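**Q** Any chance you can model this:
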Amino acid sequence: MLGACSHSCINVPGSYRCTCPPGLRLLPNGKCTDIDECAAKMHNCHYDEQCVNTVGSFKCVRPCQRGFKLTGTGECVDIDECAKMIDRCHFTQECRNLQGSYRCICPPGFRSDGPGFPCTDINECDIAGTCQHNCTNLDGGFICSCPSGYRLNPNKRTCDDIDECSENGVTCAADHTCFNKRGSYSCADVSCPAGYVRDPGTSLCLKRCRQRSECIPGTWYSGSLSHKLLALPAGVGAGQDVVELRVSDLTNPGRHVQRTFFRLAQRSGGAPFGVRRKNGRGVLYTTRPLPAGAEYRLEIDGFTYSQEVRGWQETSKFVVSVAVSMYPY
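**A** Presented below is the predicted three-dimensional model:
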């Protein structure tokens, strides 16, 4: 008759009796079943604790925080609101589950005022610095563009000047050279003036001596002329150094003469430039802000101290062509 009892059997005169361990109760068929102390209010859990029934007993556990649920073993596990579809995300939002919570996110280029609100386009063009030149807003994005003569940098935001001279193979007339400006180009006149000849080795214009006493010792010339092409961005202010000039030692190529001074001989259109001496070199600087799109042609004389005549002699000329871009890049 032991099989009639699920747990233990006690023999009594003329019969037997089934018993159950603590926490279980006996059914009429002799089987034991668990007593749910929690449902029967037979537990002694504190008011801020939760009763969890177990087989033959119960547990008192602290309640789970918001976003978690209690398992049958008394553990708190995350509630995946996204999987259970109990989130408040708008249909244009994506629900992303977090531990104890969730987050409603929008696709890149969109934003929302919070759960339940639709995703709306972000106008990136309203954000300063998005594009260096022109910005066009798109649904969920934007595109930058550049002015003529520039191309978009691989970073998709800034503009790079196109060097038409090298990329397009520009050919200029004799005594002219391609001048790559910021955003454009031109063929600049670099001819040697009367009384000068081109030195094929240095491309300098060398001034022939009219008489032997004028010649630089050991040479047949009395001076040189060189052309400088200077492309500047818009926005150059006053007091900015823009180019450095040096008088070459024509008897010792690769070196420059230290005992020199410089004078701005000619400037076009009241050009806002000055020249000063610094460490044996001439520094061309701005005296006023340079207007966008302006162009200037300057002539600067360089004087060298001569031991032979014990005085200063004009030995170098510089012709500086300056082109200012319409844009600050």
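**Q** For Leu232, give the beta-bridge partners.
**A** Beta-bridge pairing of Leu232 under DSSP bridges involves Val324.
**Q** For it, which residues are in contact?
**A** Arg182, Val242, Leu290, Val322, Ala323, Val324, Ser325 (Cβ atoms under 8 Å, 6 or more residues apart in numbering). Any C-beta I mention is one placed from the backbone N, CA and C, and that applies to glycine too.
**Q** Just put those residues in TSV and tack on pLDDT.
**A** Below are the contacts of Leu232 laid out as TSV (pLDDT from 0 to 100):
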residue	pLDDT
Arg182	97
Val242	96
Leu290	96
Val322	96
Ala323	97
Val324	97
Ser325	97
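**Q** which of those residues count as buried?
**A** Among the contacts of Leu232, those classed as buried by 16 or more other Cβ atoms under 10 Å are Arg182, Leu290, Val322, Ala323, Val324, Ser325.
**Q** isn't the fifth one right up against Gly293?
**A** Yes - with contacts counted by Cβ atoms under 8 Å, Val324 reaches Gly293, the gap being 6.2 Å.
**Q** Now for the two: what residues contact both?
**A** By Cβ under 8 Å, 6+ apart, the residues touching both Val324 and Gly293 are Ala234.
**Q** Pass me the low-pLDDT residue ranges in this protein, would you?
**A** Confidence mapping of the chain against pLDDT under 70 gives the ranges 1-3, 213, 217, 250-256, 268-269, 306-314.
**Q** Kindly recompute the last result at 50.
**A** By pLDDT under 50, the low-scoring segments of the chain are 1.
**Q** coming back round to it: Lys278: which of the buried ones among the contacts of Leu232 is nearest?
**A** Val322 (19.3 Å; Cβ to Cβ).
**Q** secondary structure element for that closest one?
**A** strand 311-324 (DSSP states H and E).
**Q** Can you mark which positions in that strand are buried?
**A** Neighbour-count burial for strand 311-324, with 16+ other Cβ under 10 Å as criterion, is recorded at Thr315, Ser316, Lys317, Phe318, Val319, Val320, Ser321, Val322, Ala323, Val324.
**Q** swap in stretch 266-281?
**A** Per 16+ other Cβ under 10 Å, stretch 266-281 contains these buried residues: Arg267, Ala271, Pro272, Phe273, Val275, Arg281.
**Q** Bridged to Asp241, which residues?
**A** Here Asp241, judged by DSSP bridges, has bridge partners Tyr285.
**Q** Kindly report the same for Phe179.
**A** Ser186.
**Q** now it: how far from Ile162?
**A** Here the criterion is Cβ to Cβ, to the nearest Å. By it, Phe179 lies 14 Å from Ile162.
**Q** Likewise for Glu75?
**A** Taken as Cβ to Cβ, the span from Glu75 to Ile162 is 66 Å.
**Q** Please report how far the closest residue to Asp78 other than its chain neighbours lies from Arg111.
**A** Closest residue in space to Asp78, ignoring its immediate chain neighbours: Gln99 at 5.3 Å, by Cβ to Cβ, 6 or more residues apart in numbering. Separation of Gln99 from Arg111 (Cβ to Cβ): 24 Å.
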